[in-house]
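K.L.:
Compute the structure for the input listed below.
(2 chains)
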Number of protein chains: 2
Amino acid sequence: MIMLFFMNKNIDEKTGEDGRADVVTLGRDAPLRLDSGEEISAFDVAYKSWGRLNEDRSNVVLVCHALTGDHYVRGISPITGKRGWWENMVGPGKPVDTDLYFVLCINVLGSCAGTVGPASLNPATGKPYGLDFPVITIGDMVRAQAMLLDYLKIETLFSVIGGSMGGMQALQWAADYPERVKTAIAIATTWRHSAQNIAFHEVGRQAIMADANWKGGRYLDREEQPHAGLAVARMAAHITYMSESGLTSRFGRSLQDRDKLAFGFDADFQIESYLRHQGISFVDRFDANSYLYITRAMDYYDLSADHDGVLAKVFQGTKTRFCVLSFTSDWLYTTEESRHIARSLNAIGARVSFADIDMDKGHDSFLLDCAEMDGIVRGFLNSEAEMMGVQGS
Amino acid sequence: MIMLFFMNKNIDEKTGEDGRADVVTLGRDAPLRLDSGEEISAFDVAYKSWGRLNEDRSNVVLVCHALTGDHYVRGISPITGKRGWWENMVGPGKPVDTDLYFVLCINVLGSCAGTVGPASLNPATGKPYGLDFPVITIGDMVRAQAMLLDYLKIETLFSVIGGSMGGMQALQWAADYPERVKTAIAIATTWRHSAQNIAFHEVGRQAIMADANWKGGRYLDREEQPHAGLAVARMAAHITYMSESGLTSRFGRSLQDRDKLAFGFDADFQIESYLRHQGISFVDRFDANSYLYITRAMDYYDLSADHDGVLAKVFQGTKTRFCVLSFTSDWLYTTEESRHIARSLNAIGARVSFADIDMDKGHDSFLLDCAEMDGIVRGFLNSEAEMMGVQGS
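P.N.:
Okay, here's the model as predicted:
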């Protein structure tokens, strides 16, 4: 569906604290050509926006979500029934200030929250794509986002910001559309997936595929779903999102609802109960095939692949200004990786701020309340906005 | 079966480079009382020995194996068809020198390589125990080993040595039988399983239990086995045995048998292919229920639990001499944990040597060729043997 009323009218209206969600169908005339060589046409893209677009359309901030995220950055998500995933970062008076900026978040390609993915209906068969959906990349996600921005007649992004896979998209945006990206903020992320990163994702994918209910990806029209495998995948991944010290201080060896060991295989320890809960609650909101596709996109991510492995070459001549943030306890995408991004940008004379934030909550720190992160993002955006003369509407 | 001929004769004979394996039935008269409160009687214990027992039976070194190990330290294992798992450490002229020491390795309780475990026949039913096998602890494993030593009329251990779960047993031996243990060598191990350690094991257990063929542990008399779940468990665990830098230097983002990304879910990357191989080859040699039981024993491991969480108190007054070794790149059982063990021993005036070995192969370093580890173990054993007047036969 084409939301003409949105284009003509509502984009200029304040969207309120909870923002507004929309789905548009893109690629009707010109399909999206994927890195795989395949094409998709007439595909849905879901997104949400907050704040008001200014006169010269110069105040757009694109927020990119992570692996299991969606476009419900703020407000109650109809998918989870919970508050949005980055309310501490985005909103009125927040570091990404919706009183000043027009903020967009677009559900990524391959996801299951509104944008086309393996759970969507394949127009050729009238059934869900399953594994007939083409394998996608972070670059494909970004190109789909660019198509939506074209549709919305938004030429430039004042900023693109994201953590984890969101940070990968922010860097990909800056690499592929240097003229369209004024500033990019990459948090708790990397420029290429490492062998260990791939290994953890492969465990998750194998857990899903090992589930007898997965059935080669053709489970959506069945009663039995590959929930057990997907829950195991989530559990394995979740460990990588937390730090050893964070787990120790939060759970340690505390027992769950008991005084002593039960000598069985129920959840004796709180950490077991917590992990099981993470797994079980995840399957209600996420599609197993989407998990395969998006982890695959992350594993394929290597910005330097076409530049002899030299990241600096990717950004040669860029005018984009970068802010790179890492967390000391993040062992999934480490400080060293963020430092490499910052140094690579430095080496070619790009403007880059880098901070390694001392926080013991591991990779997921970027989703949590963190005054230092908030202060840096706020300061970076506001000073760049001032220098560039970007104003709210 | 009672190997009387062994007791009377062969124990004094040189057992050759490949050693000799035996199984004895223990607990016929007095059962083994487990930490859970349950008892097992008339249970098999499998072990292997190398070298020759000296006159005063003072040259015994007990080698303790890790989670998925067995008693085939040297020689061709009939289980794997491969060379033993610690040939670089144990043998004629090796750091644990079988020309000098009488070396024993005992398959742990709960395992599936000869000692009683969940795959053994339950005499009460004539069928495999499955989950009717009692939950065991590292302490139970050690008590079963002590029963075997009693049976073999070996009162004292010149040394008990092990890496990973083997190191846990070495420390447990020193804690529970201080008079019987002259020296203990604990490599790449910990004094209690951390929340992160438990979390990774819980993922493995859930992967097994999620396998539709697991069937509550009652799969051994069926054709379909929970191989897929067990393989996923092994894959997840295997990542924790290697370091990020080790994975990067060995695999990086190298592709497997292809020039470019295949845009599918086969193993594009070498690390994926390697991990899948680790998973698939594991299921041929290990029982899924044993994996549940032994990981549970490790999770329950906390030497300080009955001592107000103060490890030093465990070893108060000990005369055992300790050697504690860690590897810089081991993030499963970290240098900090080994240092804590060494410091705790130091604090109560126990004799302890501690070394943190610079090696980038992660936790599995203890299984690999490592001149520094070899040198330290050899030096520690030989100097202690000299001080104690221990000689070969």
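K.L.:
all contacts plus neighbour counts: C-alpha atoms, from now on.
P.N.:
Noted.
K.L.:
Name the nearest residue to A:Tyr101, ignoring sequence neighbours.
P.N.:
Leaving aside its sequence neighbours, A:Tyr101 sits nearest to A:Asn59 (C-alpha to C-alpha, 6 or more residues apart in numbering or on different chains; 5.0 Å).
K.L.:
isn't the one you found right up against A:Phe102?
P.N.:
Yes: with contact defined as C-alpha atoms under 8 Å, A:Asn59 reaches A:Phe102; the gap is 5.8 Å.
K.L.:
what touches both of those two?
P.N.:
A:Leu53 (C-alpha atoms under 8 Å, 6 or more residues apart in numbering or on different chains).
K.L.:
before we move on, back to that, how close does the residue nearest to A:Tyr101 sit to A:Leu381?
P.N.:
11 Å (C-alpha to C-alpha, to the nearest Å).
K.L.:
Also A:Asp99?
P.N.:
13 Å.
K.L.:
A:Ser243 now?
P.N.:
29 Å.
K.L.:
What are the boundaries of the helices in the stretch 201-350 of chain A?
P.N.:
A:227-241, A:244-250, A:270-282, A:288-300, A:311-314, A:335-347 (DSSP state H, counting those that start in this stretch).
K.L.:
These: which one's closest to B:Tyr151?
P.N.:
helix A:270-282 (39.0 Å; C-alpha to C-alpha).
K.L.:
other SSEs contacting the closest one?
P.N.:
helix A:227-241, helix B:195-210 (3 or more C-alpha pairs under 8 Å, 6 or more residues apart in numbering or on different chains; DSSP states H and E).
K.L.:
Throw those helices into TSV and include mean pLDDT, thanks.
P.N.:
Shown next, in TSV, are these (pLDDT from 0 to 100):
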stretch	mean pLDDT
helix A:227-241	98
helix B:195-210	98
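K.L.:
quick one: which of these is nearest A:Ser273?
P.N.:
helix B:195-210 (9.6 Å).
K.L.:
so what secondary structure elements neighbour the closest one?
P.N.:
helix A:227-241, helix A:244-250, helix A:270-282, helix B:227-241, helix B:288-300.
K.L.:
what stretches of the stretch 1-150 of chain A score poorly on pLDDT?
P.N.:
Applying pLDDT under 70 to the stretch 1-150 of chain A picks out residues A:1-17.
K.L.:
ok and the residue in the stretch 1-150 of chain A nearest chain B?
P.N.:
A:Val135 (5.4 Å; C-alpha to the nearest C-alpha).
K.L.:
Alongside chain B, which residues does the stretch 201-350 of chain A contribute?
P.N.:
Contact residues (C-alpha under 8 Å from any C-alpha of the partner chain) of the stretch 201-350 of chain A with chain B: A:202-203, A:206-207, A:210-212, A:228-229, A:232, A:235-236, A:239, A:244, A:247-248, A:251-253, A:261, A:263-265, A:271-272, A:275, A:296, A:300.
K.L.:
Which one's more surrounded, A:Asp99 and A:Leu381?
P.N.:
For the pair A:Asp99 and A:Leu381, the greater number of neighbours falls to A:Leu381 (24 against 19), based on other C-alpha atoms under 10 Å in any protein chain shown.
K.L.:
Show the contacting residues for the more buried one.
P.N.:
A:Pro95, A:Val96, A:Ser159.
K.L.:
Nearest to B:Leu149 among these?
P.N.:
Using C-alpha to C-alpha, these come closest to B:Leu149 at A:Pro95, 66.8 Å.
K.L.:
Can you tell me how far that closest one is from A:Glu87?
P.N.:
Distance from A:Pro95 to A:Glu87, by C-alpha to C-alpha: 10 Å.
K.L.:
quick one: low-confidence parts of the stretch 201-350 of chain A?
P.N.:
Ranges of the stretch 201-350 of chain A meeting pLDDT under 70: none found.
K.L.:
which residues sit in contact with A:Arg296?
P.N.:
So, once contact is read as C-alpha under 8 Å, 6+ apart, A:Arg296 ends up touching A:Val135, A:Ile136, A:Thr137, A:His201, B:Phe265.
K.L.:
didn't the third one look like it was pressed against A:Leu303?
P.N.:
This means A:Thr137. No: between A:Thr137 and A:Leu303 there is no contact under C-alpha under 8 Å: 11.1 Å.
K.L.:
A:Ile187 pairs with what?
P.N.:
A:Gly163, A:Leu325 (DSSP bridges).
K.L.:
For the longest helix along chain A, could you pull out the residues that count as buried?
P.N.:
As assigned by DSSP state H, the longest helix anywhere in chain A is helix A:371-388. By neighbour count on 16 or more other C-alpha atoms under 10 Å in any protein chain shown, the buried set for helix A:371-388 is A:Met373, A:Asp374, A:Ile376, A:Val377, A:Arg378, A:Phe380, A:Leu381, A:Asn382, A:Glu384, A:Ala385.
K.L.:
Looking at the residues you listed, which is nearest chain B?
P.N.:
After measuring these against chain B - C-alpha to the nearest C-alpha - the closest member comes out as A:Met373, at 25.7 Å.
K.L.:
Could you give the average pLDDT over the longest helix of chain A?
P.N.:
When pLDDT is averaged along helix A:371-388, the result is 97.
K.L.:
burial of the spatially closest residue to A:Lys215 that is not a sequence neighbour, as a residue count?
P.N.:
Computed as C-alpha to C-alpha, 6+ apart, the closest residue to A:Lys215 that is not its neighbour in sequence is A:Met209, at 7.8 Å. Counted with other C-alpha under 10 Å, residues neighbouring A:Met209 total 21.
K.L.:
Then A:Ile138?
P.N.:
28.
K.L.:
Over to A:Ala233?
P.N.:
Around A:Ala233 there are 29 residues (other C-alpha under 10 Å).
K.L.:
Likewise for A:Thr125?
P.N.:
If we define neighbours as other C-alpha under 10 Å, then A:Thr125 has 8 of them.
K.L.:
gap between stretch A:78-95 and the chain center?
P.N.:
14 Å (C-alpha atoms, centre = their mean, to the nearest Å).
K.L.:
In it, which residues are buried?
P.N.:
For stretch A:78-95, burial by neighbour count (16+ other C-alpha under 10 Å) applies to A:Gly84, A:Trp85, A:Trp86, A:Glu87, A:Asn88, A:Met89, A:Val90, A:Gly91, A:Pro92, A:Lys94, A:Pro95.
K.L.:
swap in stretch A:51-63?
P.N.:
A:Gly51, A:Arg52, A:Leu53, A:Asn54, A:Arg57, A:Ser58, A:Asn59, A:Val60, A:Val61, A:Leu62, A:Val63.
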